[in-house]
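# Pasted the sequence and its predicted model underneath.
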Amino acid sequence: MESSKPHAVIVSSPGVGHLVCDLELGNRLVADQNFHVTFFVVLESQASAGESHLIQSAMAQKLLDIVVLPPVDVSGQVGPNSPIFTRLTAVMTEIRPTLRSAISDLKPSPTAIVVDAFGTPVLEVADEIHVLKYVFVTSAWPLALMLYAPILDEEVEGEYVDQKEPLRVPGCMSVRPEDLVDPLLDRTKHEYKVFLQVGSEMRGSDGVLVNTWEDLDTRTLKAIREEEGFGSVSVYAVGPLIKPAGPSASRSELLDWLDEQPIESVLYISFGSLGVLSAQQITELAWGLEMSQQRFIWVLRPPSKKDASADRGDDALNYLPEGFLSRTQKLGLVVTQWAPQSEILCHRSTGGFLSHCGWNSSLESILRGVPMIAWPLYAEQKMNATKLAEEEGVAVRPKIAPTRGLVGREEIEMMVRKVMEDQEAGKAMRARVKELKASGEKALTEGGSSFNAMSQLAEQCAMNSERQKGKGK
């Protein structure tokens with residue numbers, strides 16, 4: 001019977017990145033664990049093109065009951081330039097009455113509520129209706145830092161960025177001050193307090209789901225489960241959950257061009273939906289690419305308007321060196337609109353990915369067997385880049401972090417050549433990333449570690465549902 005299925009509510013905070021992996025989590029719970037899933041989409045304003053595309057695709061699949069909630073206006077509470085952590089947690093706090101009302105109308109009643117890292121204010125609703133509450137986060141090492149942050153707050157004096165030694169996180173890689181997530185860069189700011197609050201709320205949940213798998217994060221997952229400093233929260237490694245590549249019918253000119261290139265010969269360059277470079281850095285990257293003489297697809301955006309040298313208008317092509325497009329027309333393509341990233345990374349001709357190291361993009365690259373040039377820009381990307389380059393050996397990274405200075409053309413040329421043609425280093429990275437690809441795919445199949453973690457989750461939900469029915473009698 002339909003009503004005997006566990007019924008999970010997933011609440012996705014604004015942003016394409018969250019929507020991608022939250023939807024895939026919902027799809028897996030339905031397809032693999034026989035859940036019924038109601039999926040609430042929270043918007044900060046009107047849906048972006050990326051969000052609309054994802055929502056429409058999910059609705060067409062008919063696996064999930066999709067409910068798009070009215071956009072939330074928090075302009076009276078936070079400024080337009082407020083950090084993302086502050087802004088999105090304000091949105092998720094503001095949506096609670098609307099969500100509470102929508103969930104109360106659901107039949108059958110939900111067994112569990114799942115939120116992403118920005119949605120912990122919504123856990124209050126789960127407490128009110130006495131259902132299990134889970135948080136779904138991206139990567140394991142930043143999760144460890146977040147759970148341990150309340151202890152660091154008491155132990156460390158002064159600003160974390162001024163520490164002479166890396167921050168010690170029990171059982172995990174230590175975190176260098178230059179790799180810290182944005183909210184920890186200034187302890188006097190409100191964003192820091194929000195970060196601590198979210199870590200505390202996660203500790204009070206019934207479990208944290210992580211978009212990773214046991215073999216990729218053995219050390220960190222073991223530490224969170226066994227070291228008391230993390231608050232004894234249950235951790236379920238349920239990944240790698242990524243956006244599936246679209247059908248071949250949705251072809252673009254980029255894929256037609258890729259069809260004509262040699263196997264593993266093209267470098268794909270993208271910094272995510274929010275990542276931008278300075279005008280000067282665009283120039284250096286262009287020269288480095290040209291000097292490397294490697295094939296490429298570059299998704300180029302104009303610099304931020306805060307950049308004093310961004311005086312050439314909104315057309316991103318205006319920021320390329322004069323003559324660049326004509327000199328490189330046989331080597332590559334520059335795209336100023338959307339590009340089908342999943343399909344590009346899947347393509348046999350793609351051999352490298354210059355990436356901002358958002359965890360979704362990192363997992364996509366690994367699951368497609370593509371080594372990376374790590375170019376972190378914000379959020380937890382610096383920690384991801386360090387893990388990918390130093391612990392996993394599937395990426396190279398610049399000597400100076402792109403957030404701290406200009407990466408010159410010669411170094412860019414060297415990194416591109418290392419990934420794309422270096423017989424020793426490039427070959428080793430390619431072999432390692434293909435090992436991880438096989439390991440990640442195995443984790444999701446029946447009997448794999450992530451499949452089993454989701455089965456445990458389903459059992460926990462079923463047991464709680466039975467308990468609730470017993471209380472109701």
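The structure has been received and is ready for your questions.
# switch to C-alpha atoms for all contacts and neighbour counts from now on
Will do.
# can you list the domains in the chain?
The chain resolves into domains spanning 2-243+441-472, 253-437 when parsed by automatic domain parsing.
# Any chance of a markdown table for those domains, columns mean pLDDT and mean neighbour count?
Output for the domains of the chain, formatted as a markdown table (pLDDT from 0 to 100; neighbours: other C-alpha atoms under 10 Å):
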| stretch | mean pLDDT | mean neighbour count |
| --- | --- | --- |
| domain 2-243+441-472 | 93 | 18 |
| domain 253-437 | 94 | 19 |
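# could you point out the longest helix in this protein?
Of all the elements of type helix in the chain, the one with the most residues (DSSP state H) is helix 449-472.
# Who are the packing partners of that one?
Based on contacts counted as 3 or more C-alpha pairs under 8 Å, 6 or more residues apart in numbering; DSSP states H and E, the elements that helix 449-472 packs against are helix 16-33, strand 235-237, helix 425-444.
# relative to helix 425-444, how tilted is that helix?
With axes from the mean of the first three to the mean of the last three C-alpha atoms, to 10 degrees as the basis, helix 449-472 and helix 425-444 are set at 30 degrees to each other.
# Give me the residues contacting helix 449-472.
By C-alpha atoms under 8 Å, 6 or more residues apart in numbering, the list of residues contacting helix 449-472 from outside reads 6, 29, 32-33, 35, 111-112, 131-132, 213-214, 236-239, 443-446.
# chain center to that helix, what's the gap?
The chain centroid and the centroid of helix 449-472 are separated by 27 Å under C-alpha atoms, centre = their mean, to the nearest Å.
# start to end distance for stretch 71-84?
As for stretch 71-84, its first-to-last residue distance stands at 17 Å under the measure C-alpha to C-alpha, to the nearest Å.
# Just the strands from the stretch 201-350 of the chain, written as ranges.
Taking DSSP state E, counting those that start in this stretch to define them, one finds strands in the stretch 201-350 of the chain at 207-210, 235-237, 266-270, 295-299, 332-335, 350-355.
# partner strands of the second one, parallel or antiparallel?
Each strand pairing with strand 235-237, determined using DSSP bridges, is listed with its direction: strand 207-210 (parallel).
# ok, residues contacting the partner strand?
With C-alpha under 8 Å, 6+ apart as the contact definition, strand 207-210 has outside contacts at 133-140, 202, 233-239.
# Residue 425: which of the residues you listed is nearest?
Nearest to residue 425 out of the contacts of strand 207-210 is residue 139 (C-alpha to C-alpha; 25.7 Å).
# what's that closest one sitting at in phi/psi?
Geometry field for residue 139 lists phi and psi as phi -110, psi 160, criterion degrees, to the nearest 10.
# residues in contact with it?
With contacts defined as C-alpha under 8 Å, 6+ apart, the neighbours of residue 139 are 210-212, 359, 384.
# again with residue 94
72, 74.
# can you tell me how far it sits from residue 74?
Distance check for residue 94 against residue 74: by C-alpha to C-alpha, it reads 8 Å.
# same deal with residue 244?
Distance of residue 244 to residue 74, given as C-alpha to C-alpha: 33 Å.
# Any chance you could list what contacts stretch 424-433?
Residues from elsewhere that reach stretch 424-433, judged by C-alpha under 8 Å, 6+ apart: 366, 369-371, 392-395, 418-420.
# Same question for stretch 348-359.
Contacts with stretch 348-359, where a contact means C-alpha under 8 Å, 6+ apart, come from 138-139, 258-259, 261-272, 275, 344-345, 361-362, 365, 370-377, 380-382, 384-385, 419-420.
# Can I take it that residue 126 is in a strand?
No: the assignment for residue 126 (DSSP: H, G, I helix; E, B strand; the rest coil) gives helix, which keeps it out of a strand.
# so it makes contact with residue 135?
No: in this structure residue 126 lies outside contact range of residue 135 using C-alpha atoms under 8 Å: 11.6 Å.
# For residue 314, give me its contacts.
Shown here is residue 314, whose contacts under the criterion C-alpha under 8 Å, 6+ apart are residue 302.
# no no, residue 135
By C-alpha under 8 Å, 6+ apart, the contact list for residue 135 reads 114-117, 119-120, 202, 205, 207-209.
# what do you get if the cut-off is 7 Å, keeping everything else the same?
Taking C-alpha atoms under 7 Å, 6 or more residues apart in numbering, we find residue 135 in contact with 114-117, 202, 207-209.
# Check residue 224 too.
144, 230.
# Look up how far residue 231 lies from it.
Counting by C-alpha to C-alpha - residue 224 and residue 231 are separated by 8 Å.
# and if you look at residue 41?
Computed as C-alpha to C-alpha, the residue 41 to residue 231 distance reads 30 Å.
# for the stretch 151-300 of the chain, what spans make up the helices?
Under the criterion DSSP state H, counting those that start in this stretch, helices of the stretch 151-300 of the chain are mapped to 190-203, 218-226, 253-259, 279-292.
# would you turn these into a markdown table with distance to residue 456?
Rendered in a markdown table, the data for the helices of the stretch 151-300 of the chain read as follows (distance: least, C-alpha to C-alpha, whole Å):
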| stretch | distance to residue 456 |
| --- | --- |
| helix 190-203 | 19 |
| helix 218-226 | 16 |
| helix 253-259 | 40 |
| helix 279-292 | 47 |
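# For residue 435, which of those helices is the nearest?
Counting by C-alpha to C-alpha, residue 435 lies closest to helix 218-226 out of those; the figure is 15.4 Å.
# residues contacting residue 174?
The neighbours of residue 174, taking C-alpha under 7 Å, 6+ apart as the test, are 166-168.
# my guess is residue 20 contacts residue 244, does it?
No: Residue 20 sits out of contact with residue 244 when judged by C-alpha atoms under 7 Å, with a separation of 9.5 Å.
# quick revisit: right, and the helices and strands packed on helix 449-472 - which one's nearest residue 414?
Counting by C-alpha to C-alpha, residue 414 lies closest to helix 425-444 out of those; the figure is 11.7 Å.
# Can you tell me how far residue 392 is from residue 423?
Taking C-alpha to C-alpha as the measure, residue 392 and residue 423 are separated by 19 Å.
# Same question for residue 43.
Between residue 43 and residue 423 the distance, using C-alpha to C-alpha, works out to 47 Å.
# Same check on residue 305?
Summarising the geometry, the distance separating residue 305 from residue 423, computed by C-alpha to C-alpha, is 41 Å.
# swap in residue 223?
Relative to residue 423, residue 223 is positioned 36 Å away (criterion: C-alpha to C-alpha).
# who's in contact with residue 346?
Counted by C-alpha under 7 Å, 6+ apart, residue 346 has contacts residue 368.
# no wait, residue 274
Residue 274 sits next to no residue when contact means C-alpha under 7 Å, 6+ apart.
# my read is residue 136 is in a strand, agree?
Yes: when three-state DSSP is applied, residue 136 is found to be in a strand.
# so it touches residue 113, yeah?
No: in this structure, residue 136 is not within contact of residue 113 by C-alpha under 7 Å, at 10.4 Å.
# which one of the helices of the stretch 151-300 of the chain lies closest to residue 48?
In terms of C-alpha to C-alpha, the element of the helices of the stretch 151-300 of the chain nearest to residue 48 is helix 253-259, at 22.4 Å.
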